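Visitor: Output the structure for:
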Amino acid sequence: MENLTHYPVLVFAAAFVLLSLASETGAWLRRRYSSVSDERNEALSLILGATLTLLALIIGFSFSMATNRYDQRKNFEEAEANAIGTELLRADLLSPADASSVRKLLGDYLDQRIAFYINKDDMRRTRIDERISQLEANLWAVVRVPAQAQPTPIAALVLAGMNDVINSQGYTQAAYWNRIPTAAWFLLAAIALCSNVLFGYRVRNAGKLSLVLPLVVSISLLLIADIDAPRHGLIHVSPQNLESLARSIGN
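Guide: Here you go, the predicted model:
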């Protein structure tokens, strides 16, 4: 079952509520222990500044992790389109019957790969994955049989191309599983909560301004989660290379 970070809007809502409560908790502690010396106020200011700096660094590091993974998914989508397109051309080296079978299966496979990228329904995704696995087995069989019957350099070239097609799908799937670690999210949440408690405690009579820091941090977490979420966010990899290939072969 997918966790909260797969849904950026929920991340924003949960973060804003919790961080607002943390800020209000800090303000309540300020009222509860109002007799604080100037020396302690200065120390709190230093601690707050250091905590906010650390929070900014962790947010920047997490954003960098998310964008790197997003770029990786884009690169693998392009690699998939190149591998499928190359194998479609190499299929002409086979006998007419085998070439026709390869092209038909690759056309079906291309449709399923496009569906993999644009689908957001979990149940349908399972059916797509099953269909892709079946098509990969059929594609491998249709090039393996002629290669075993006539082990020529041409057959080996077609076989290697099909291997690239299957491997590219595996790399893409691994990239979709490669998310920001849950431990990093917990660390980020802990530092954000501490920062907001200190902020609420340190700022006097802030009123609605006490919501500024929770809002800014929540928006930052929303952006990180959105880029890191392959399917449920507004920012996702579009299969433009695969769709262009499908149009070029009239699929």
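
Visitor: contacts, neighbours, all on C-alpha from now
Guide: Will do.

Visitor: Tell me how far the longest helix along the chain lies from the chain's centre.
Guide: Ranked by number of residues, the top helix in the chain under DSSP state H is helix 38-90. Offset of helix 38-90 from its chain centre (Cα atoms, centre = their mean, to the nearest Å): 11 Å.

Visitor: Quick check: mean pLDDT of it?
Guide: For helix 38-90, mean pLDDT rounds to 88.

Visitor: Following element in sequence after it, please.
Guide: helix 96-118 (DSSP states H and E).

Visitor: And that following helix, what's buried?
Guide: Residues of helix 96-118 classed as buried by neighbour count (16 or more other Cα atoms under 10 Å): 98-99, 101-103, 105-107, 109-117.

Visitor: got the angle for the next helix or strand after that helix vs helix 96-118?
Guide: Counting by DSSP H and E, the element after helix 96-118 in chain order, helix or strand, is helix 122-149. Orientation of helix 122-149 against helix 96-118 (axes from the mean of the first three to the mean of the last three Cα atoms, to 10 degrees) gives an angle of 150 degrees.

Visitor: follow-up on the earlier one: the longest helix of the chain packs against which elements?
Guide: Other helices and strands packing on helix 38-90, by 3 or more Cα pairs under 8 Å, 6 or more residues apart in numbering; DSSP states H and E, are helix 96-118, helix 153-177, helix 182-202, helix 212-228, helix 240-248.

Visitor: Where does pLDDT dip in the protein?
Guide: Residues of the chain meeting the criterion pLDDT under 70: 1-2, 33-41, 204-209, 251.

Visitor: Residue 14 - how many residues pack around it?
Guide: 14 (other Cα atoms under 10 Å).

Visitor: Show the contacting residues for it.
Guide: By Cα atoms under 8 Å, 6 or more residues apart in numbering, no residues touch residue 14.

Visitor: What distance do you get for it to residue 128?
Guide: 32 Å (Cα to Cα, to the nearest Å).
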